[in-house]
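> Following is a predicted model, sequence given first.
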Amino acid sequence: MSGGTAALLEKAGESVAAARLLAEKAYYDFAASRAYYAMFYVAEAFLMSLGQSYSSHGGVVSAFGRAFAKTAKLDSKFHRWLIDGQDIRNVGDYGLGRGISREQALELIEQTAEFTETGRSRLLIT
């Protein structure tokens, strides 16, 4: 495992913690955004483990799906959660109307925690 992979997983863990704190204070839009970014960092770490790097969110999401969901290296739910998380994050970050509900934010945070733990268990093997 590279230092970059470990750094991404550390950043993911901090983002999950931040998402929980934001949700506790009812900042659900921002909690959802932090939760999505945690998943994004884990996806980047998985791709980095294959020597791949992408410059856009769409590139990371697509490549993660190709390399891990379609090949069944990981449960495809992680790719689905990443896609859904990006959609929720876009509503929270850019939506002007009704924002993210408490339930949506908490569900995304729980998915993110599982995704992050899977990343740690699979990638922190030396």
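Right, received. Where do you want to start?
> what's the spacing between the residue most central in space within the chain and residue 99?
Centrality entry for the chain: nearest residue to the mean C-alpha point is residue 39, 0.9 Å, by Cα atoms, centre = their mean. Using Cβ to Cβ, to the nearest Å, residue 39 is found at 19 Å from residue 99. In this view, the C-beta of every residue, glycine as well, is placed from N, C-alpha and C.
> which secondary structure elements does the helix or strand the residue nearest to the centre of the chain falls within contact?
In this assignment (DSSP states H and E), residue 39 forms part of helix 28-49. With contacts defined as 3 or more Cβ pairs under 8 Å, 6 or more residues apart in numbering; DSSP states H and E, helix 28-49 has these neighbours: helix 3-24, helix 57-64, helix 77-94, helix 102-123.
> Any chance of the ones you listed in JSON lines with mean neighbour count, distance to residue 47 and mean pLDDT as columns?
Listed next are the helices and strands packed on helix 28-49 as JSON lines, based on neighbours: other Cβ atoms under 10 Å; distance: least, Cβ to Cβ, whole Å; pLDDT from 0 to 100:
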{"stretch": "helix 3-24", "mean neighbour count": "17", "distance to residue 47": "10", "mean pLDDT": "96"}
{"stretch": "helix 57-64", "mean neighbour count": "17", "distance to residue 47": "6", "mean pLDDT": "96"}
{"stretch": "helix 77-94", "mean neighbour count": "18", "distance to residue 47": "12", "mean pLDDT": "94"}
{"stretch": "helix 102-123", "mean neighbour count": "18", "distance to residue 47": "11", "mean pLDDT": "96"}
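> now for those, which one comes closest to residue 48?
helix 3-24 (5.1 Å; Cβ to Cβ).
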